[in-house]
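Colleague: Below are the sequence and a predicted model for it; my questions follow.
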Amino acid sequence: MIAAFVLSLALSLGFASASASSDQAGVADVETTVIATGAADTLAKVDVFEVSGLIDNVVANGIERAIGRSSTNGAQALVLQVNSRGAVVDRARMERLLVAIRDSAVPVGVWVGPSGSRAHGWSSWLLAVADVSAMAPNSTVGKTGVPISIDGEPLTFGEATSLLRSNTLGTDEARERGILRLDIADEGVPVLRNMLFALDGLSVNGKVLDTVVEVVGGDGTIVREATTTRFFKLGTLEQLMHTSASAALAYLLFSFGLALLIFEFYTAGVGIAGFVGALCTLLGTFGFAELPVRPFGIALLVFSVIAFAVDVQVGIPRFWTGVGVVSYVVASFTLYGPVQEETLRLSWLTLMSGVASMTLAFVVGMPSMVRTRFATPTIGREWLVGAEGTAATDIAPEGEVVVRGAKWRARTNRATPIKSGEPLRVASIDGVTLDVEPLEGAARDYREMRKQGGS
């Protein structure tokens with residue numbers, strides 16, 4: 001049963017990762033290989049830091065560390081590669097992050113890319129405070145929600161501020177309305193290498209960026225070579241915590257963690273299921289702490305697992321199993337609140353994975369496990385008839401015997417007493433009690449006596 005449940009857990013988490021990939025995409029498919037060699041190596045480097053998924057405390061801290069690192073490692077600029085639905089930090093934390101970007105000693109650029117990326121909610125304000133900003137084709141920006149301020153001054157996108165409060169604009173519209181601070185070719189900035197070309201020659205805080213060098217090729221043509229880029233990501237532990245704070249994974253990790261703990265409780269031991277369940281519950285709890293969850297939704301989620309556990313104890317899905325299913329479905333739809341102007345919702349794939357896995361686990365899997373774990377096995381004992389043993393105690397008419405090295409409850413057959421230590425023979429079996437008789441001198445049935453007298 002545990003193998004089936006772990007397989008269900010793995011499949012559901014895989015589905016959740018697939019549904020959450022739209023929040024954290026835009027990293028691996030970007031053309032980031034720099035073709036420049038030789039002369040371009042003499043240029044100062046440009047650092048790139050990936051900002052994917054919801055901006056939580058882990059990501060905010062990562063951006064601030066990236067700014068500090070680029071200010072001291074000789075980089076001439078820092079580019080934030082953004083693909084985010086919004087921010088889940090509080091207003092004060094977001095304001096501190098925006099101030100850090102605005103006051104950075106090294107020029108900071110924001111690129112919403114690759115194609116199809118987005119900067120929604122509070123993450124869109126990164127473009128407002130960056131020194132330069134650009135978007136890949138088919139990307140969107142907007143749904144800023146309630147305006148946010150820095151040093152008492154509200155951030156704006158000019159005339160488009162009110163429009164972006166509840167709407168989004170594509171790359172072309174954002175460029176036409178002056179939202180982007182890097183106006184280049186009509187196709188925008190499709191790949192990160194184009195961002196490096198666009199930065200060349202820009203003056204930021206009195207410093208002219210030098211990101212491209214022109215060299216003469218072997219055929220006499222002029223070749224533009226971009227400077228080298230250095231990519232930085234969140235550390236392994238930070239990435240684990242950030243991934244746990246995605247809506248889908250936090251929901252599934254918390255649910256399956258509680259289910260595995262219930263499973264471990266009814267197996268009457270401590271094993272791998274308990275360890276995995278505790279880890280999943282811990283990661284899910286961290287994710288809920290970062291996300292805009294409704295207390296009612298969490299309470300209903302915990303109540304549903306408790307309701308499931310009531311019927312698991314008796315080993316038969318009954319009334320409380322139905323209560324658990326209904327409560328879990330309601331909790332799944334009411335768990336999360338809004339993120340700025342967007343309501344944080346679970347995808348249908350995530351919902352189906354969670355509800356189906358929990359229902360199958362508590363309706364089919366765990367009741368079967370409990371019945372198997374605590375049921376009294378029935379084995380054939382007919383082979384004991386005729387076996388010889390010794391009396392462990394006086395049997396008059398009940399006591400204990402030892403037959404083939406095992407101790408059994410016994411009673412005398414035909415009321416013939418047997419003293420402790422005397423040999424005996426098993427005459428018959430009644431449940432788990434053996435009917436025994438002495439090897440010699442056992443009382444005989446009156447029918448046998450009549451038969452022998454008549455003969």
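Modeller: Thanks, I have the structure now. Residues are numbered from 1 along each chain as shown.
Colleague: Relative to the one helix or strand Ala410 maps to, what are the paired strands and their orientations?
Modeller: According to DSSP states H and E, Ala410 maps onto strand 406-412. Strand pairing for strand 406-412, using DSSP bridges, gives strand 398-403 (antiparallel), strand 433-438 (parallel).
Colleague: Most tightly packed of those?
Modeller: Ranked by mean neighbour count, the strands paired with strand 406-412 are led by strand 433-438 with a mean of 20 (mean count of other CB atoms under 10 Å). Yep, even glycine has a C-beta here, placed from its N, CA and C like the rest.
Colleague: Compute the number of surrounding residues for Val116.
Modeller: In this structure residue 116 is Gly, not Val. Residue neighbour count, defined by other CB atoms under 10 Å, stands at 16 for Gly116.
Colleague: swap in the one 5 residues further on?
Modeller: Here the number of neighbours of Gly121 (other CB under 10 Å) works out to 24.
Colleague: tell me the pLDDT at the nearest residue to it once chain neighbours are set aside?
Modeller: Excluding the flanking residues, the one nearest Gly121 by CB to CB, 6 or more residues apart in numbering is Gly86, at 2.4 Å. With respect to pLDDT, Gly86 scores 89.
Colleague: Convert the strand holding Ala410 to CSV, retaining C-alpha atoms only.
Modeller: Extracted C-alpha coordinates of strand 406-412, given in CSV (Å, rounded to 0.1, in the frame of the first residue of the first chain):
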residue,chain,number,x,y,z
ALA,A,406,4.9,-24.2,21.1
LYS,A,407,2.7,-23.6,24.1
TRP,A,408,-1.1,-24.0,23.7
ARG,A,409,-4.2,-23.8,25.8
ALA,A,410,-5.6,-27.3,26.3
ARG,A,411,-8.4,-29.2,28.0
THR,A,412,-8.7,-32.9,28.6
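Colleague: What are the buried residues along that strand?
Modeller: Neighbour-count burial for strand 406-412 flags 408, 410-412 (criterion: 16 or more other CB atoms under 10 Å).
Colleague: got a list of contacts for stretch 53-67?
Modeller: Applying CB atoms under 8 Å, 6 or more residues apart in numbering, the contact partners of stretch 53-67 are 20, 23-24, 47, 49, 51, 78, 80, 83-89, 93-94, 96-97, 100-101, 104, 106, 108, 122-123, 232, 234, 238, 241-243, 245-246, 290-291, 339.
Colleague: Now list the buried members of these.
Modeller: Buried, going by 16+ other CB under 10 Å: 20, 23-24, 47, 49, 51, 78, 80, 83-89, 93-94, 97, 100-101, 104, 106, 108, 122-123, 234, 241-243, 245-246, 290-291, 339, out of the contacts of stretch 53-67.
Colleague: was I right about Thr228 contacting Asp47?
Modeller: No. Between Thr228 and Asp47 there is no contact under CB atoms under 8 Å: 10.3 Å.
Colleague: isn't Leu196 right next to Glu225, touching?
Modeller: No. With contact defined as CB under 8 Å, Leu196 does not count as touching Glu225 (9.9 Å).
Colleague: what touches both of these two?
Modeller: Val212.
Colleague: quick one: which of those two has more around it?
Modeller: Taking other CB under 10 Å, Leu196 and Glu225 do not tie; Leu196 has more neighbours (28 against 20).
Colleague: so how far is Leu180 from that one?
Modeller: 16 Å (CB to CB, to the nearest Å).
Colleague: And for Ala391?
Modeller: Applying CB to CB to Ala391 and Leu180 gives a distance of 98 Å.
Colleague: What residues of stretch 195-203 count as buried?
Modeller: Neighbour-count burial for stretch 195-203 [16+ other CB under 10 Å]: 195-196, 198-200, 202.
Colleague: returning to what we had before: take the buried ones among the contacts of stretch 53-67 and keep only those in strands.
Modeller: Using DSSP state E, 47, 49, 51, 78, 80, 83, 108, 339 are the members of those that sit in strands.
Colleague: which non-adjacent residue is nearest Gln76?
Modeller: Here the residue nearest Gln76, using CB to CB, 6+ apart, is Ala44, at 3.8 Å.
Colleague: That's all I had, so thanks and see you.
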